[in-house]
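# got a structure for you, letters missing:
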DNA sequence: TTACAGATATACGTTTAACGTATGAGCAGA
DNA sequence: TCTGCTCATACGTTAAACGTATATCTGTAA
């Protein structure tokens, strides 16, 4: 009943929700009516071709999701630990991360637990998490939603790199060597300055001469590989290139501020075991 | 289903729970079996004449109560504000408080909302709240259960009083005048000293010569009224006697440490409206 | 020891609630 | 206008839940 309502709200149509749940359209429609009557409020205003949540429907949706998650967690806590995991797991991740190491981890998790059905959504922009029906939101940097529980998974080391030849390799290199070089920036890049810090805590600001910027980090990486300039890139993205030597660490003693990879989820009283274990797996993978 | 399980656990027999819920004994028994099968765990070990919760049953009970409370709160939040309150409200209160002003407040609340069914339990000793099935626990002083949400309702001013004649009334009286007088103590009374503080913050410890002690505050009050000595009593207990003059404030400038009246309840995501309003009424009554 | 009162679990027929199919009406896009 | 999709309602069917009846067990009192 609650599940049907949530599904209807997510899919935007009663018919689609009914198909999802293996119900007839008539049943889904009736369940929604019943719920509305039981609560004494209209939840969804229906025209024949478009549904929209009422004000009460909005709050009902978020509350219902929490309630369902609580119930899932409740039922699951008694399940035998040895029992295999199963069930849906819908996750939003940053695009670049979700195409590479996070994806590897997720796929490995799915292989280890064949009963799990992963829905892997890539999206860099902030989302209204509660409206997405997702179980987990992986995000680099702050999570702009204080209704969620945020758990840091790992930190991202960011290096100044370029293709060999742009500058000679130099273990003692100082930040000032960057000022005349073209910078390949990941937009939005604000302020035009790159704050760098050394291992001993010294801090230095370097002006960046941006010659290329993109909102796609793979494009920035490719530009760097082609020798177009230097870029600030996370280690996980360029680990292989560093090893191969196709990119080199221009300032081995200096690092751009590290970012935090956070995991955010709805504050249900007891999270499902599959989410708990997925979080653990992801945390281990990102730290290792 | 969950409700049936909780009721069975509370009543200790399936038959009684079935009667409470208006079900046949067979249905209640089957619902319990179904729940156990669904969770895959034995919740209650049954012999023909006695039930006892298993380990899993214990945790299931507390979780189920929270889940049910959440559901109640969920369903209720859409109810029309104008609708009258109804439903059960089971409350544990300290004996003396629950026989006097708190009782007055509770009865007034019940009169204002005839649909409410109050179950008013008086108990001074710490309880295992989650095992009682209560909605609210009113307690003077600390609440020894950190799984609960604690909300201070009011503070209790405590005066040094005695019947007239024990000592002459004296607006400038100093604590030292007590040392030779018999003290009527509420047990447990530990340390043998009464810490007093003046309005200006001055603190003074007075040794108490205990000649009488009781675990019943009404007995202490009565002993004081009979002139047996002085006592430390809360203002709400003796407001009328002070007005009549049958007890007098021996140290008008000094007070024993005040206590806090706390309200504690289970951390459900959304408390029921009746509990919320009762708390407000009780808070107003105790502060006024 | 025996009888009884009160407890639980199961079997079986019945009632009730939920479901699916079918149908009519409404709206969008071709 | 026509087609394809939507939602709501009516109706017959299916499945779940319920109650009655029954067998069994146990603690208590005769």
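All right, it came through fine. The model shown is predicted, which means the values in this text are computed figures rather than measured ones.

# Quick one: the strands in the stretch 151-288 of chain A, in order.
A:182-186, A:193-198, A:203-207, A:209-214, A:230-234, A:248-249, A:254-265 (DSSP state E, counting those that start in this stretch).

# Redo those as JSON lines? Include mean neighbour count.
The way it works is simple: take the backbone N, C-alpha and C, and place the C-beta from them, glycine included. Shown next, in JSON lines, are the strands of the stretch 151-288 of chain A (neighbours: other C-beta atoms under 10 Å in any protein chain shown):
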{"stretch": "strand A:182-186", "mean neighbour count": "22"}
{"stretch": "strand A:193-198", "mean neighbour count": "16"}
{"stretch": "strand A:203-207", "mean neighbour count": "14"}
{"stretch": "strand A:209-214", "mean neighbour count": "15"}
{"stretch": "strand A:230-234", "mean neighbour count": "25"}
{"stretch": "strand A:248-249", "mean neighbour count": "20"}
{"stretch": "strand A:254-265", "mean neighbour count": "19"}
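
# Which one, of those strands, ends up nearest to residue B:177?
Of all the strands of the stretch 151-288 of chain A, strand A:254-265 sits nearest to residue B:177, with 63.6 Å by C-beta to C-beta.

# strands paired with the closest one, and their directions?
strand A:136-140 (antiparallel), strand A:149-162 (antiparallel), strand A:193-198 (antiparallel) (DSSP bridges).

# gap between that strand and the chain center?
12 Å (C-alpha atoms, centre = their mean, to the nearest Å).

# quick one, that strand and strand A:230-234 angle?
Interaxial angle of strand A:254-265 relative to strand A:230-234 (axes from the mean of the first three to the mean of the last three C-alpha atoms, to 10 degrees): 40 degrees.

# just to revisit the earlier point, confidence-wise, which of the strands paired with strand A:254-265 is weakest overall?
Mean pLDDT per stretch puts strand A:193-198 lowest among the strands paired with strand A:254-265, at a mean of 89.

# Is it correct that residue A:59 is in contact with residue B:74?
No - look at residue A:59 against residue B:74 with C-beta atoms under 8 Å: they stay out of range, at 9.9 Å.

# And these two? Which one has more around it.
Higher neighbour count among residue A:59 and residue B:74: residue B:74, with 20 against 16, using other C-beta atoms under 10 Å in any protein chain shown.

# who wins for proximity to DNA strand D among the strands of the stretch 151-288 of chain A?
strand A:254-265 (28.9 Å; C-beta to the nearest atom of the strand).

# who are the neighbours in contact with whichever residue of the stretch 151-288 of chain A sits closest to chain B?
Nearest residue of the stretch 151-288 of chain A to chain B (C-beta to the nearest C-beta) works out as residue A:269 at 6.5 Å. Residue A:269 makes contacts with A:70, A:73-74, B:63, B:66-67, B:70, B:269, as judged by C-beta atoms under 8 Å, 6 or more residues apart in numbering or on different chains.

# Narrow those residues to those in strands?
Per DSSP state E, strands hold no members of the contacts of residue A:269.

# now that we have these, which one has the most neighbours?
That'd be residue B:67 among the contacts of residue A:269, by other C-beta under 10 Å, with 24 neighbours.

# That one contacts residue A:72, correct?
No - with contact defined as C-beta under 8 Å, residue B:67 does not count as touching residue A:72 (11.0 Å).

# Do a quick rundown of the strands in the stretch 1-150 of chain A.
A:44-46, A:51-53, A:86-93, A:115-122, A:136-140, A:149-162.

# Columns distance to DNA strand D and mean neighbour count on top of those, output as a markdown table?
Shown next, in a markdown table, are the strands of the stretch 1-150 of chain A (distance: least, C-beta to the nearest atom of the strand, whole Å; neighbours: other C-beta atoms under 10 Å in any protein chain shown):
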| stretch | distance to DNA strand D | mean neighbour count |
| --- | --- | --- |
| strand A:44-46 | 4 | 16 |
| strand A:51-53 | 6 | 17 |
| strand A:86-93 | 21 | 18 |
| strand A:115-122 | 20 | 14 |
| strand A:136-140 | 28 | 23 |
| strand A:149-162 | 33 | 18 |
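
# Save the ones you listed as JSON lines, and put in distance to residue B:132 too.
Shown next, in JSON lines, are the strands of the stretch 1-150 of chain A (distance: least, C-beta to C-beta, whole Å):
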{"stretch": "strand A:44-46", "distance to residue B:132": "40"}
{"stretch": "strand A:51-53", "distance to residue B:132": "39"}
{"stretch": "strand A:86-93", "distance to residue B:132": "35"}
{"stretch": "strand A:115-122", "distance to residue B:132": "40"}
{"stretch": "strand A:136-140", "distance to residue B:132": "37"}
{"stretch": "strand A:149-162", "distance to residue B:132": "30"}
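
# can you put the strands paired with strand A:254-265 in a markdown table and add distance to DNA strand C?
Below are the strands paired with strand A:254-265 laid out as a markdown table (distance: least, C-beta to the nearest atom of the strand, whole Å):
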| stretch | distance to DNA strand C |
| --- | --- |
| strand A:136-140 | 29 |
| strand A:149-162 | 32 |
| strand A:193-198 | 47 |
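
# Quick check: nearest residue in space to residue A:36, chain neighbours excluded?
residue A:43 (5.3 Å; C-beta to C-beta, 6 or more residues apart in numbering or on different chains).

# residues touching the one you found, list them.
Counting by C-beta under 8 Å, 6+ apart, residue A:43 has contacts A:5, A:32, A:35-36, A:53-54, A:56-57, A:60.

# Okay, and which of the residues you listed map to helices?
Judged by DSSP state H, helices contain the following of those: A:5, A:32, A:35-36, A:56-57, A:60.

# What about DNA strand D: which of the residues you listed touch it?
Contacts with DNA strand D within the ones in helices among the contacts of residue A:43, counted by C-beta under 7 Å from any atom of the strand: residue A:32.

# can you tell me which two in the ones in helices among the contacts of residue A:43 are farthest apart?
A:32 and A:56 (13.1 Å).

# Compare neighbour counts for these two and give me the winner.
Neighbour totals were compared for residue A:32 and residue A:56, and residue A:32 leads with 21 against 17 (other C-beta under 10 Å).

# Mind pulling up the pLDDT for residue A:129?
86.

# Next up, the contacts around it.
Applying C-beta under 8 Å, 6+ apart, the residues near residue A:129 are A:92, A:137, A:145, A:148, A:264, A:266.

# So which residues on the stretch 1-150 of chain A come close to DNA strand C?
So the stretch 1-150 of chain A meets DNA strand C at A:22-27, A:30-31, A:34, A:47-50 (C-beta under 7 Å from any atom of the strand).

# What about the closest residue to residue A:64 other than its chain neighbours, how many residues nearby?
Of all residues not flanking residue A:64 in the chain, residue A:2 sits nearest, at 4.7 Å (C-beta to C-beta, 6+ apart). Neighbour count for residue A:2, taken as other C-beta under 10 Å: 18.

# how close does residue A:2 get to residue A:38?
Distance of residue A:2 to residue A:38, computed by C-beta to C-beta, to the nearest Å: 11 Å.

# thinking again about what came up before, which of the ones in helices among the contacts of residue A:43 scores worst on pLDDT?
Among these, residue A:56 has the weakest pLDDT, 87.

# so residue A:101 touches residue A:286, yeah?
Yes - assessed by C-beta under 8 Å, residue A:101 is found in contact with residue A:286 at 7.1 Å.

# Overlap in contacts, the two.
residue A:236.

# isn't residue A:2 right next to residue A:66, touching?
No - in this structure, residue A:2 is not within contact of residue A:66 by C-beta under 8 Å, at 10.4 Å.

# dump the residue contacts of the closest residue in space to residue A:103 that isn't next to it in sequence.
Spatial nearest neighbour of residue A:103, chain neighbours left out: residue A:120 (7.1 Å); criterion: C-beta to C-beta, 6+ apart. Taking C-beta under 8 Å, 6+ apart, we find residue A:120 in contact with A:91, A:93, A:98, A:103, A:106.
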